[in-house]
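Fold the stuff below for me.
(one chain, ligands or ions: 1)
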Amino acid sequence: MASARASSRGAAEGGRARFGLNFPHRAGSRKLAFRSLVGEPRPLRLGLMVIDGLHRRLLTELSSVTPVQLNTNAKPDGQDGAEPVAAPDEDLLAQARRAACGAYAPYSKFRVGAAVRAGGIVYAGCNIENASYGLAICAERVAIFAAIAAGARRIDALAVACIDVGPDAAPDERMPCGACRQVMAEFGAPDLSVQVDGAGEFRLDQLLPRAFTLPKA
Ligand SMILES: [Zn+2]
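Numbering: from 1, shown residues only. A predicted model of the protein is given here:
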């Protein structure tokens, strides 16, 4: 069991991207592992933490990730049933591309990065696979969940980049999956800006018309 003696907001925040960093429960060191995959390598200050063997093995495996050169050959093109709505936010896209370098994708070799802007702060995420394939998670959800775990409740913009997609790949091969679109709808307004590297910028309600919603209790 992993536990934290102190709520750790102490991980270093040297880069532009910031992350959710409270570890008060057993999932804490897994969140640390996710965080270690995104952005540029930087030292961590974690305070008193107890990490069990399972989490140590995960952290050890993930520590071997090394950045590689980005694929910048993607050609902008609006498809997926929606036209791009505006010029892309290059800064957020750049952070999504950088986050993809931390992806853990030993099975697909398909690295994806995402960056979410919420309350003026950018949170990054990358895809994280598992030998049990169904446990893999997309970069978009990792970034959104990092924002939510840090206290945000609304996201203002999102960018996603698939850095291993072929230069001639169709734009639809770069688009967020349906599950991630639903999670975006949970925390983003219908006009949420969703930038897709190599495909364009879209409104969320273009990507997920008539999203499923429930009234909150
Ligand atoms: Zn997804």
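
close enough to count as contact, residue 154 and residue 188?
Yes: with contact defined as Cβ atoms under 8 Å, residue 154 reaches residue 188; the gap is 7.1 Å. For the C-beta atoms, the positions are set from N, CA and C on the backbone; glycine is no exception.

Comparing the two, which shows the higher neighbour count?
Applying other Cβ atoms under 10 Å to residue 154 and residue 188 shows that residue 188 carries more neighbours, namely 25 against 12.

Next, that one: phi, psi?
phi -120, psi 150 (degrees, to the nearest 10).

Need the nearest residue in space to it, chain neighbours excluded.
Distances taken as Cβ to Cβ, 6 or more residues apart in numbering place residue 155 nearest to residue 188, at 4.9 Å, with adjacent residues excluded.

OK, contacts around the one you found?
Contact analysis of residue 155 by Cβ atoms under 8 Å, 6 or more residues apart in numbering lists 116-118, 144, 147, 184, 187-188, 192.

how about a cut-off of 7 Å?
116, 118, 144, 147, 187-188, 192 (Cβ atoms under 7 Å, 6 or more residues apart in numbering).

Residue 159 too?
By Cβ under 7 Å, 6+ apart, the contact list for residue 159 reads 89, 92-93, 96, 114-115, 195.

Neighbour-wise, give me the winner out of the contacts of residue 155.
residue 116 (32 neighbours).

on that earlier part again, please flag which of the contacts of residue 159 sit within helices.
92-93, 96 (DSSP state H).

Looking at those residues, which one is closest to residue 215?
Nearest to residue 215, judged by Cβ to Cβ, of these is residue 92 at 31.1 Å.

Can you tell me the closest non-neighbouring residue to the closest one?
residue 159 (4.1 Å).

Could you report the distance from that neighbour to the ion?
Distance of residue 159 to the ion, given as Cβ to the ion, to the nearest Å: 14 Å.

host element of that residue?
strand 155-162 (DSSP states H and E).

Of the ones in helices among the contacts of residue 159 - the most surrounded one?
In terms of neighbours by other Cβ under 10 Å, the ones in helices among the contacts of residue 159 top out with residue 96 at 33 neighbours.

My understanding was that that one contacts residue 161; is that so?
Yes: the pair residue 96 / residue 161 is scored as a contact, 4.2 Å apart, by Cβ atoms under 7 Å.

shared neighbours, these two?
In terms of Cβ under 7 Å, 6+ apart, residue 96 and residue 161 are both contacted by the residues 113, 197.
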